[in-house]
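**Student:** Got a predicted structure here, sequence first:
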Amino acid sequence: MPVLTRAKAKLHKVGAKTTAAAEKVSGKLRKTGAAVNALPAKVRRTPGKLQQAKSWHEERHRPSGFTFALADAVAMLNPEHWDVITKPASVYFSRAYLQAL
């Protein structure tokens, strides 16, 4: 019976040490949480803003699906294509008007 009592005492002692260690870690975590909460709001928002900036950067550098034609004058563009695109538009997009500018 004394062996069983000693084993129980050892288990109780180990359990007490484990509980004390857990409480110590818990106290440190509470202190860390309090320190993080004490930071200025701008500093706490920084990680989210960095993620948002990264996603916006990726979105800006993704292909848009649009096709662009760059020209110094309307005469440099294909006239048939220009007429088809601007037919429902106002007179200010007609080739004659733009060439007169």
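**Tutor:** Cool, the structure landed.

**Student:** C-alpha only now, for contacts and for neighbours.
**Tutor:** OK.

**Student:** According to the record, where do the domains of the protein fall?
**Tutor:** For the chain, automatic domain parsing gives the domain ranges 1-62, 66-101.

**Student:** rank the ones you listed by pLDDT, which is bottom?
**Tutor:** Here the domains of the chain differ in mean pLDDT, and the lowest is domain 1-62 at a mean of 71.

**Student:** Now do the buried residues in the strand or helix carrying Gln99.
**Tutor:** Element membership of Gln99 [criterion: DSSP states H and E] is helix 95-100. Judged by neighbour count using 16 or more other CA atoms under 10 Å, the buried positions of helix 95-100 are Arg95.

**Student:** can you check stretch 73-81 too?
**Tutor:** If you call a residue buried by 16+ other CA under 10 Å, then stretch 73-81 has these buried ones: Val74.

**Student:** Endpoints of that stretch, how far apart?
**Tutor:** By CA to CA, to the nearest Å, the extent of stretch 73-81 from end to end equals 14 Å.

**Student:** Which residues does it contact?
**Tutor:** Where contact means CA atoms under 8 Å, 6 or more residues apart in numbering, the residues beyond stretch 73-81 that reach it are 69, 71, 95, 98-99.

**Student:** These into TSV, with extra columns for distance to Arg45?
**Tutor:** Formatted as TSV, the contacts of stretch 73-81 follow (distance: CA to CA, whole Å):
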residue	distance to Arg45
Ala69	41
Ala71	45
Arg95	52
Leu98	50
Gln99	53
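
**Student:** and of those residues, the nearest to Gly48?
**Tutor:** Lowest distance from Gly48 to those (CA to CA) belongs to Ala69, with 37.8 Å.
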